[in-house]
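*Asks:* Following is a predicted model, sequence given first.
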Amino acid sequence: MPLESTLRHLDSLYAGSDDPWNHRTSPYEQSKFAATLAAVGEGPFRNALEIGCGNGTLLALLAPRCHRLIGVDCIPRAVALARKAVAEHPHVSVCEACIPAELPALQPDLVLLSEVLYFLGEADIHQLAAWLLARRPRIVCVNWLGSTDESQDGTSAMQIFQTALGTTGRTTIHDRYRIDVFD
């Protein structure tokens, strides 16, 4: 699916709901977030970045482990929702940006990519990986194992990402998703 089409699709999802994937209420999502936070580690992280933060549910859970945390999303409504979700955390900011073209000027020690890689094209994944390689943060990737409406699924996106990084991470396979950690 071309980027413009993907952005329209995500925009329409957020136009219809402030929680299109039921992040706040789904036991599956809560379990996945707990596994994600376990993979992230306790921290504290000096400068953390969540790319594709959506409505900010996971961003708010990550906030206590970070001295400074930036959430990034390309959908304006998601950015507004994420800002509300982290309003009680003054050390967290949320910005609207399309990744990888608009990556923030930051030297992160943690980057979280939760169900975002398959929204990127192969060239964008390579560009993101190059940005990460230049900074050497801990990277935690969460990818859905089912089919997507995108040009690739989580497994193929992760294969592209691993190739671009030149390494494989520690992988744990869960019921319907995988978590890869790169140190």
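*Replies:* Everything's here; your move. Numbers count the residues shown, from 1 in each chain.
*Asks:* For residue 148, see how far away residue 109 is.
*Replies:* As defined by Cβ to Cβ, to the nearest Å, residue 109 lies at a distance of 30 Å from residue 148. Every C-beta, even on glycine, is put in place using the N, C-alpha and C of the backbone.
*Asks:* In terms of neighbours, single out the busier of the two.
*Replies:* The neighbour comparison of residue 109 against residue 148 (other Cβ atoms under 10 Å) goes to residue 109, with 19 against 16.
*Asks:* Contact partners for the more buried one?
*Replies:* The neighbours of residue 109, taking Cβ atoms under 8 Å, 6 or more residues apart in numbering as the test, are 45, 46, 47, 48, 137, 138.
*Asks:* and the gap between the third one and residue 78?
*Replies:* Here residue 47 is placed at a distance of 22 Å from residue 78 (Cβ to Cβ).
*Asks:* Kindly report the same for the second one.
*Replies:* Shown here: residue 46 relative to residue 78, a distance of 25 Å by Cβ to Cβ.
*Asks:* mind checking the SS state of the residue nearest the centre of the chain?
*Replies:* Nearest residue to the geometric centre of the chain (Cα atoms, centre = their mean): residue 113, 2.9 Å. Classification of residue 113 by DSSP: H, G, I helix; E, B strand; the rest coil places it in strand.
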